[in-house]
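**Q** no FASTA, just this:
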């Protein structure tokens, strides 16, 4: 079992930056694919970014490519999401997830564990 706890959300003005953290507790984290997802009010949850177990490969949704960076520190059992040039459309609850399977295009299906989310609000 892996427990995931997100932090770092908050209110920021458009054009600003935030860094989200996801701390993992429980089983060895460095064998898991990790990802960030988000859900805006009234919308379905969507994929944001993913990273393989070693951190050597990263994947991004087109909407955040060039603005967001996912990274991990396996020694600290933590995954990060650096968000720059934030837009009001980035407002959402951001969820961290981890799983044993990398399924591009079906990212959610490969995730076995989910955090409770952290709210990011971007004001215009």
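**A** Now that the structure is in, tell me what you want to look at. The structure displayed is predicted, hence computed values, not measured ones. Numbering: from 1, shown residues only.

**Q** pick out the residue closest to the middle of this protein.
**A** residue 36 (2.1 Å; Cα atoms, centre = their mean).

**Q** how close does that one get to residue 81?
**A** Computed with Cβ to Cβ, to the nearest Å, the distance linking residue 36 and residue 81 is 5 Å. From N, CA and C alone the C-beta is placed, and that goes for glycine too.

**Q** any shared contact partners between the two?
**A** The overlap between the contact sets of residue 36 and residue 81 (Cβ atoms under 8 Å, 6 or more residues apart in numbering) consists of 20, 22, 48, 49, 70, 94.

**Q** most surrounded residue in the residues you listed?
**A** residue 22 (27 neighbours; other Cβ atoms under 10 Å).

**Q** could you look up the SS state of that residue?
**A** strand (DSSP: H, G, I helix; E, B strand; the rest coil).

**Q** so how far is stretch 7-20 from its chain's centroid?
**A** On the basis of Cα atoms, centre = their mean, to the nearest Å, stretch 7-20 sits 13 Å off its chain's mean C-alpha point.

**Q** state the mean pLDDT of it.
**A** Taken as a whole, stretch 7-20 has an average pLDDT of 98.

**Q** can you give me the end-to-end span of it?
**A** Counting by Cα to Cα, to the nearest Å, you get 6 Å between the two ends of stretch 7-20.

**Q** count of neighbours near residue 104?
**A** For residue 104, the neighbour count with other Cβ under 10 Å is 9.

**Q** does it sit in a helix, a strand or a coil?
**A** What three-state DSSP gives for residue 104 is coil.

**Q** which residue, other than its chain neighbours, is closest to it?
**A** For residue 104, ignoring the flanking residues on the chain, the nearest one in space by Cβ to Cβ, 6 or more residues apart in numbering is residue 59 at 6.5 Å.

**Q** many thanks, we can stop here.
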